[in-house]
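> Show me how the following folds:
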Amino acid sequence: MSASRDRDLERGQSLMETALVVPFLGMILLGLVEVGRYAHYSIAVANSARAGAEYGSLSAANAANSAGMVSAATNDANVSPVPTATATTFCQCFNGGASTCATTDCSGTGDHINYYVQVTVTGTYTGLFNYPGLPHTITISKTAQMQHP
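Presented below is the predicted three-dimensional model:
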């Protein structure tokens, strides 16, 4: 065999290897993009829940304003579709006992009532493509809870 024929065969082999490897690299890249988009959406949902709970924990008036906490959570979302939020308040005795938020619930030496706000944000992540064996949409739900004055 001549040297030029060997070079032609090597170039042909390189072309075949490239043609076989490029689709796999493309699939890996697409998977990385999907994982990144999912992580971004999940972090945005968690941050939204935290923003709503922070709003409620600022004062007793804010804690009583469920619509304000929901608004703070959804305004913080910065993703599409915008997730939904729910806000609740609850109480617990300092020693861990249950409380209905009545001032007489936690009677005892040094016991007092702790007031909490809780915001749950739920969003639906939709993938770019339908992958066999994987759901096309995934529901992501995050809850943040904080104590308020």
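> Other residues contacting the lowest-mean-pLDDT helix or strand in the chain?
Here the helix or strand of the chain ranked lowest by mean pLDDT, DSSP states H and E is strand 98-99, holding a mean of 81. Strand 98-99 is contacted from outside by 91-93, 105-106, 113, using CB atoms under 8 Å, 6 or more residues apart in numbering. For the C-beta atoms, the positions are set from N, CA and C on the backbone; glycine is no exception.
> What is the nearest of those residues to Ser141?
Distance to Ser141, by CB to CB, is smallest for Gln92 among the contacts of strand 98-99, at 22.3 Å.
> quick one: the closest one and Ile113 touch, right?
Yes: in this structure, Gln92 is within contact of Ile113 by CB atoms under 8 Å, at 7.4 Å.
> Can I get the buried part of the contacts of strand 98-99 as one PyMOL selection?
To isolate the buried ones among those in PyMOL, judged by 16 or more other CB atoms under 10 Å, type:
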select buried, resi 92+93+105+106+113
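> Name the strands paired with the helix or strand harbouring Met146 and say parallel or antiparallel.
Per DSSP states H and E: Met146 is located in strand 137-148. Paired neighbours of strand 137-148 in the sheet (DSSP bridges): strand 113-126 (antiparallel).
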